[in-house]
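[1] coordinates for the following, if possible.
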Amino acid sequence: MIEFKACKYLDFEDNYVGCKRQMLGDGKLFWMRDVSIDYPAMVQFCSKRGRLNNPESCLCESAAQCSDYEDFTHLIDVPDDELET
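    Okay, here's the model as predicted:
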């Protein structure tokens, strides 16, 4: 189980095709997409705004991408064999 604070609208539960959850150095998650070099690979997914092209988007209020940011404690169950660091 991984616990961290970030915007409540970030989505870490859906199984996005071609994406895998990964961990930043501060213990927060982002998505790594399997894409060509011309597209952002490290992203976030927001239930209000869709794909955010920065892995640190909305992980704290100072990195909020919109005025809808709401601080929230995410509890994400990630199997050890699924998570890459």
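[2] grab the most central residue of this structure for me.
    Closest to where the C-alpha atoms of the chain average out (C-alpha atoms, centre = their mean) is residue 30, at 3.1 Å.
[3] next one: it from residue 37, what distance?
    Look at residue 30 and residue 37: by C-beta to C-beta, to the nearest Å, they are 18 Å apart. Every residue, glycine included, has its C-beta placed from N, CA and C.
[4] in a strand, the residue nearest to the centre of the chain, correct?
    Yes: assessed by DSSP: H, G, I helix; E, B strand; the rest coil, residue 30 belongs to a strand.
[5] leaving out the residues flanking it, which one is nearest to it?
    residue 55 (3.7 Å; C-beta to C-beta, 6 or more residues apart in numbering).
[6] let me see the contact set for the one you found.
    Residues in contact with residue 55 (C-beta atoms under 8 Å, 6 or more residues apart in numbering) are 24, 30, 31, 42, 43, 44.
[7] hmm, which two among these are most spread apart?
    Using C-beta to C-beta, the two most remote members of the contacts of residue 55 are 24 and 43, lying 12.5 Å apart.
[8] compare the two and say which is more crowded by neighbours.
    In terms of neighbours (other C-beta atoms under 10 Å), residue 43 is the more surrounded of residue 24 and residue 43; the figures are 21 against 14.
[9] now do the helix or strand hosting the more buried one, average pLDDT.
    Per DSSP states H and E: residue 43 is located in strand 42-46. Per-residue pLDDT over strand 42-46 has a mean of 96.
[10] repeat for stretch 76-85
    For stretch 76-85, the mean confidence score works out to 72.
[11] count the residues that sit near residue 28.
    21.
[12] sorry, wrong one. I was asking about residue 16.
    Residues near residue 16, counting by other C-beta under 10 Å: 13.
[13] kindly report the same for residue 56.
    Neighbours of residue 56 (other C-beta under 10 Å): 16.
[14] which residue is the nearest non-sequential neighbour of it?
    residue 63 (5.2 Å).
[15] point out where this protein drops to low pLDDT.
    Residues of the chain meeting the criterion pLDDT under 70: 81-85.
[16] ok, back up a step: now the contacts of residue 55 in CSV, with distance to residue 70?
    Compiled in CSV, the contacts of residue 55 are given as follows (distance: C-beta to C-beta, whole Å):
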residue, distance to residue 70
24, 20
30, 19
31, 20
42, 23
43, 20
44, 15
